[in-house]
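> generate a structure from the sequence data that follows.
(chains A, B, C, D, E and F)
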Protein chains: 4
Amino acid sequence: MNKRELIRRTAIEIIAEEGYYNTKVQIIAEQAEIAVGTVYNYFSNKEEILNYIFKVEFDKRLDILKRLKVEAISFKEKLNLFLEEHFQELETNPATTSVLVQESQLPRKHSLKAVDDFINELPELLAEMIESAKKKKEIRDVNSSLIANAIFYTIRGMASKVVLNEHYNFDQTKEELMNLLWCGIKN
Amino acid sequence: MNKRELIRRTAIEIIAEEGYYNTKVQIIAEQAEIAVGTVYNYFSNKEEILNYIFKVEFDKRLDILKRLKVEAISFKEKLNLFLEEHFQELETNPATTSVLVQESQLPRKHSLKAVDDFINELPELLAEMIESAKKKKEIRDVNSSLIANAIFYTIRGMASKVVLNEHYNFDQTKEELMNLLWCGIKN
Amino acid sequence: MNKRELIRRTAIEIIAEEGYYNTKVQIIAEQAEIAVGTVYNYFSNKEEILNYIFKVEFDKRLDILKRLKVEAISFKEKLNLFLEEHFQELETNPATTSVLVQESQLPRKHSLKAVDDFINELPELLAEMIESAKKKKEIRDVNSSLIANAIFYTIRGMASKVVLNEHYNFDQTKEELMNLLWCGIKN
Amino acid sequence: MNKRELIRRTAIEIIAEEGYYNTKVQIIAEQAEIAVGTVYNYFSNKEEILNYIFKVEFDKRLDILKRLKVEAISFKEKLNLFLEEHFQELETNPATTSVLVQESQLPRKHSLKAVDDFINELPELLAEMIESAKKKKEIRDVNSSLIANAIFYTIRGMASKVVLNEHYNFDQTKEELMNLLWCGIKN
DNA sequence: GATGAATGAGATTTCATTCAT
DNA sequence: AATGAATGAAATCTCATTCAT
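Residues are numbered from 1 along each chain as shown, chains lettered A, B, ... in the order given. So this is what the prediction gives:
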């Protein structure tokens, strides 16, 4: 594996457990079995590691949404597929979920490019899909952007709940959420 | 104003802007126009300030929910009132909202008592109300606990969106959310 | 009891347990059931408390030695009585012993008047008695000052050993020490 | 010189002069011409520096005593050699002596492993030698452990006296002490 | 490219002392 | 005389980052 990727993955595991501010670059290096200096050959500073983590995840979700957007299926099916892929992803990488949820709430002043994209652009893309569904009367008249954000926050929140809590399982949660959201917006 | 309260309020303003980890106790003291030592006469450490902030807000919301629980009105009205009071609250104290949202995602390892209560007990109380509504056939058959959490995450997320973003206003957001949630669970 | 005395006695108990540097003026005040400010009405600073503790003990031992010096008994008996009274004293006030031993080793730079007196003047007085005994051929030819100091260090050291260690008892230690020292200097 | 050793030696000089509690880690670093952080790369905290100082000296004296114990010479000669080596050592490193004497009296609660060893194990080893001499009738019937401790306290005390006081010289002190102790215990 | 010892600014926390009541 | 809340200088320790090897 290339070093940048190795560092990213190692960092995710530690940040998920400790949080970004309690994660020491030294520890990331140790866990990855490389020297601290090496980390700085691939990332200009600690923040950039977090930024890169978000960038990778942002790109993944951007792909999913772009692909869904043009597919010739109903919005309900699109929403269902989106949830499906999303929960699939986090079932595979619970640590990543933990990082995304924890660190996506940085205050404006210190926010990172990729984090900003993650919490602004992704909902915007979903909003466009909702707007289109609205025009096709697939769903009732809603404020698309607002609802898109609500959907994202719900998913993100439930994701963290599922990751942290042994009571819930992924499939059940996904189903229940799909029902809540779809009933909430359908015509 | 008593010192403990002064420190709490000052800390909220700064943490909202800078985030907990970028907030220096020194700065809180300066802003509050007291000495650093004085802060430590009222809180045993920095963490305890954050914990107290959550405790105060937790208690407020606990009161609201307990009051609503026993009132002789429909669940729909209860949900509506809860959203109403909640958005009212955060319109008055946007900084507090910002803190609650940002810092409610500490990783388990370092989580604080009051933060834990905030994200676990409050949804649990709402879940009980949902369960009761379910039995009275006011709403459809849902996993109460799961839905309660979803509602909390949605509210919390949208709250931060409204606080950070000038596009949305409180009333409109509250209305739209009420529709989404109610349609999502009604019979 | 007058306040100055109350503070002195309370301070001894705490310093014996914690050491001078780990003893907080606040704690002394609490233990004595007075306010911190009150401590500073009787002592100008923390150091002065320690100084006063030593002064009181210095005066006691000065009295003993001055009294012994002029008594019409053999040096052997004088030494015996000195050990007797000394070990008596520390059996009654083990905490005081602990303080005297611990804190009598401050480096020159920061030493206190009464501590200096304690470790210099007392041995000097004993030295005079030894010198006199030497002239009367009661003991062999020794360097009086040096032997006086040796005796003091031995006593002080053994005192702390006895206080800290349940193995040794006061009487036995006193006897054994008397033998060692007397055999060591007799003619 | 390796850094750990450099820090140890620098710390000894400063602690000898100022005392442990008045010694700032910052100052040790400055004197050693390294950064504060570097000190903490070699010692996990300030206490550990003091502990290490005692450990090194403890080990030295342990070696001497173990060597003497098995040598085929009279106890008188052993005692003489021990005093010889001891006073030699402290003549070469007066600052070390100062530290050992000053800081060996930490209150139980805060005592360090190596300090404890220093004041307990070394006398115990000497006690074994005394016990053996007693059985061979080289000396009179004494409480070995008690006498061993008395000897150590005498030596330690006199060492500090010699270091602090220009009146006494090492050779004379050693001779006088040898006489006092040997006469004190011989048959 | 890889290393990791060294750096030092800066953060948290302590605690002797003051002084208005 | 007694009080104790307030003070703030100062100490310990951390950790992101650098750079010579």
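> next, the buried residues of the strand or helix carrying A:Glu175.
Secondary structure from DSSP states H and E places A:Glu175 in helix A:170-185. Residues of helix A:170-185 classed as buried: A:170, A:173-174, A:176-185 (neighbour count, 16 or more other C-beta atoms under 10 Å in any protein chain shown). C-beta here means a position set from N, CA and C on the backbone, and glycine is covered the same way.
> for it, give the mean pLDDT please.
Mean per-residue pLDDT for helix A:170-185: 93.
> tell me what that helix is packed against?
Helix A:170-185 sits against helix A:75-92, helix A:144-164, helix B:144-164, helix B:170-185, with contacts defined as 3 or more C-beta pairs under 8 Å, 6 or more residues apart in numbering or on different chains; DSSP states H and E.
> what comes into contact with that helix?
Here helix A:170-185 makes contact (C-beta atoms under 8 Å, 6 or more residues apart in numbering or on different chains) with A:76, A:79-80, A:83-84, A:87, A:90-91, A:130, A:139-140, A:142, A:147, A:151, A:154-155, A:158, A:161-162, B:140, B:142-143, B:146-147, B:150, B:179-186.
> selecting buried members of those in ChimeraX, what would you type?
The buried subset of the contacts of helix A:170-185, as determined by 16+ other C-beta under 10 Å, is captured in ChimeraX by this line:
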select /A:76,79,80,83,87,90,91,130,139,142,147,151,154,155,158,161,162 /B:142,143,146,147,150,179,180,181,182,183,184,185
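> restrict the contacts of helix A:170-185 to those near DNA strand F?
Near DNA strand F, judged by C-beta under 7 Å from any atom of the strand, there are no entries from those.
> burial measure for A:Arg9, as a count.
Residues contacting A:Arg9 under the criterion other C-beta atoms under 10 Å in any protein chain shown number 17.
> how is chain A partitioned into domains?
Chain A resolves into domains spanning A:1-43, A:50-185 when parsed by automatic domain parsing.
> can you point out the buried residues in stretch A:50-63?
A:Leu50, A:Asn51, A:Tyr52, A:Ile53, A:Phe54, A:Lys55, A:Glu57, A:Phe58, A:Arg61.
> report whether that stretch contacts DNA strand F.
No - counting by C-beta under 7 Å from any atom of the strand, DNA strand F is not contacted by stretch A:50-63; separation bottoms out at 10.6 Å.
> for that stretch, what is the average pLDDT?
Across stretch A:50-63, pLDDT averages out at 95.
> residues from chain A in reach of DNA strand E?
Within chain A, the residues that sit near DNA strand E (C-beta under 7 Å from any atom of the strand) are A:Lys3, A:Ile34, A:Ala35, A:Val36, A:Gly37, A:Thr38, A:Tyr40, A:Asn41, A:Tyr42.
> and with 6 Å instead?
Contacts of chain A with DNA strand E, taken as C-beta under 6 Å from any atom of the strand, map to A:Lys3, A:Ile34, A:Ala35, A:Val36, A:Gly37, A:Thr38, A:Asn41.
> farthest pair in the residues you listed?
Using C-beta to C-beta, those span at most 12.9 Å, a distance reached by A:Lys3 and A:Val36.
> around DNA strand F, pick out the residues from chain A.
Chain A has residues A:Lys24, A:Val25, A:Gln26, A:Val36, A:Gly37, A:Tyr40, A:Asn45, A:Lys46 near DNA strand F, with proximity defined as C-beta under 6 Å from any atom of the strand.
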